[in-house]
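1. Show me how the following folds:
(one chain, ligands or ions: 1)
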Amino acid sequence: MPGRSEKLLNADSDSDIALSFKVSRELFRPTHYALVTGASAGIGKAIVRRLLKDGWVVYGAARRVEKMSDIVDEGAFSLSMDVTGDDSMVAAVDEVLSRHGRIDALVNNAGYGSYGAIEEVPIDEARRQMEVNVFGLARLFQLVLPTMREASRGTIVNISSMGGRIWMPIGGWYHATKHAVEVLSDALRVETRPFGVRVVVVQPGAIQSEWADISADHLEAHSKDPGYRRWVAPMAKLLRNYDRAADPSVVANAVSKAVNSDRPRRRYATPFDAKLFIFLRWLLPEGAWEKMIAMAVR
Ligand SMILES: NC(=O)c1ccc[n+]([C@@H]2O[C@H](COP(=O)([O-])OP(=O)(O)OC[C@H]3O[C@@H](n4cnc5c(N)ncnc54)[C@H](OP(=O)(O)O)[C@@H]3O)[C@@H](O)[C@H]2O)c1
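-> Okay, here's the model as predicted:
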């Protein structure tokens, strides 16, 4: 069997020439740099692993730096970052830029769910969830945009949720954060397109990670009034039974497609439950959606 280089030298057919272009593109492909937030667990960790496999230089960021030692062993770099602290976001972005001069992809993945009846979630906690899921994400894209604009390239991937398109009772504050991520991403996409920057939204469905237990912990801590029990109890049960949810690698695959494509889609919903619920929300009138949700959460 001839090797790829021999084939290159002996290219005498259209397919050989096509192969030679592909091989030389791979050989001379510049190194790409990614910053992935929320890399100490679940989806973020899977994204780091996937991008390493794709040949990227990957920086993972989170508060629990010690939880990233496994991905560091696999070739990633870790950064300490709290997305509620401006100084730590500035320092992390500066660190990557001072080492490499560029960030080709920012994957804004850090986030959490704080469930509970809208009345019962303390307003400071609702604000904190907005701070992590929306303002942290937005501050980070503000920080990487100047260098992306200067380079006339770069991809910002915002991890939203199917919950950025649909809503359920008891998850209202969380859905509000993810709906905000969707709208910010759409406006940002149009604003930054002339500068060569691409903005992609990834909408995961139910995924195995720490997310569901953290959401359930918040739900149980917030829920006091028995009047809301009809919604709270089934939602807690749903969140505590996430063992059949999909593997985080499905989301990582979508991110990989987005950052490695010359023409990424605006949105990637994955896996099937996300596609289905988003489609139903689009299809059904408000009243029908409310009835369906009432039947699902009981
Ligand atoms: N799992 C699902 O079913 C699901 C579905 C739809 C969307 N999502 C979204 O997917 C994203 C990733 O969630 P996941 O499922 O992988 O959950 P996870 O396992 O709980 O991971 C969340 C990550 O976010 C980081 N994080 C949380 N608060 C932070 C803060 N203040 N500063 C910096 N990092 C912070 C955590 O790191 P540290 O605690 O170490 O800081 C952790 O690495 C989130 O945006 C979530 O809303 C998840």
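2. switch to C-alpha atoms for all contacts and neighbour counts from now on
-> Will do.
3. if you look at the host helix or strand of residue 88, does any of it touch the ligand?
-> For residue 88, the element it lies in under DSSP states H and E is helix 86-100. No - for a cut-off given as C-alpha under 6 Å from any ligand atom, helix 86-100 has no contacts with the ligand; the smallest distance is 9.1 Å.
4. Average pLDDT for that helix, rounded please.
-> For helix 86-100, the per-residue pLDDT values average out at 98.
5. Neighbours of residue 294, how many?
-> The number of residues packed near residue 294 is 13, by other C-alpha atoms under 10 Å.
6. so how far is the ligand from it?
-> 20 Å (C-alpha to the nearest ligand atom, to the nearest Å).
7. where's that residue, which helix or strand?
-> Residue-wise, residue 294 maps onto helix 286-296 under DSSP H and E.
8. helices or strands up against the host helix or strand of residue 182?
-> For residue 182, the host element (DSSP H and E) is helix 172-192. With contacts defined as 3 or more C-alpha pairs under 8 Å, 6 or more residues apart in numbering; DSSP states H and E, the packing partners of helix 172-192 are helix 123-130, strand 197-204.
9. Run the chain-centre distance for the helix holding residue 88.
-> 20 Å (C-alpha atoms, centre = their mean, to the nearest Å).
10. hey, where'd the strands end up in the protein?
-> Taking DSSP state E as the criterion, the chain contains strands spanning 33-37, 57-62, 77-80, 105-108, 154-159, 197-204, 267-270.
11. Tell me which of these lies nearest to residue 93.
-> Ranking those by distance to residue 93, with C-alpha to C-alpha as the measure, places strand 33-37 first at 8.2 Å.
12. Just give the strands next to that closest one in its sheet, each with its orientation.
-> Sheet neighbours of strand 33-37, with direction, are listed as strand 57-62 (parallel), strand 105-108 (parallel) (DSSP bridges).
13. Run through who's touching the helix holding residue 294.
-> Counting contacts by C-alpha atoms under 8 Å, 6 or more residues apart in numbering, the residues outside helix 286-296 that touch it are 168, 280-281.
14. Report how many residues lie close to residue 182.
-> Using other C-alpha under 10 Å, residue 182 has 24 neighbouring residues.
15. re the thing from before, among the contacts of helix 286-296, who's most crowded?
-> Using other C-alpha under 10 Å as the neighbour criterion, residue 168 leads the contacts of helix 286-296 with 18 neighbours.
16. Give me the distance between that one and residue 119.
-> 15 Å (C-alpha to C-alpha, to the nearest Å).
17. give the contact list for residue 104.
-> When contacts are counted by C-alpha under 8 Å, 6+ apart, residue 104 is found next to 32-34, 148, 153-155.
18. same question, residue 100
-> When the contact criterion is C-alpha under 8 Å, 6+ apart, the partners of residue 100 are residue 33.
19. Quick check: it vs the ligand, distance?
-> Computed with C-alpha to the nearest ligand atom, the distance linking residue 100 and the ligand is 22 Å.
20. Any idea what residue 269 is bridged to?
-> Taking DSSP bridges as the rule, residue 269 bridges to residue 203.
21. Any figure for the gap between it and residue 130?
-> Taking C-alpha to C-alpha as the criterion, residue 269 is separated from residue 130 by 22 Å.
22. Equivalent analysis for residue 186, please.
-> Applying C-alpha to C-alpha, the value for residue 186 to residue 130 is 18 Å.
23. Those two: who's more crowded?
-> Taking other C-alpha under 10 Å, residue 186 and residue 130 do not tie; residue 130 has more neighbours (23 against 15).
24. so the more buried one touches residue 178, yeah?
-> No - contact status for residue 130 versus residue 178: not in contact, 9.0 Å apart, counting by C-alpha atoms under 8 Å.
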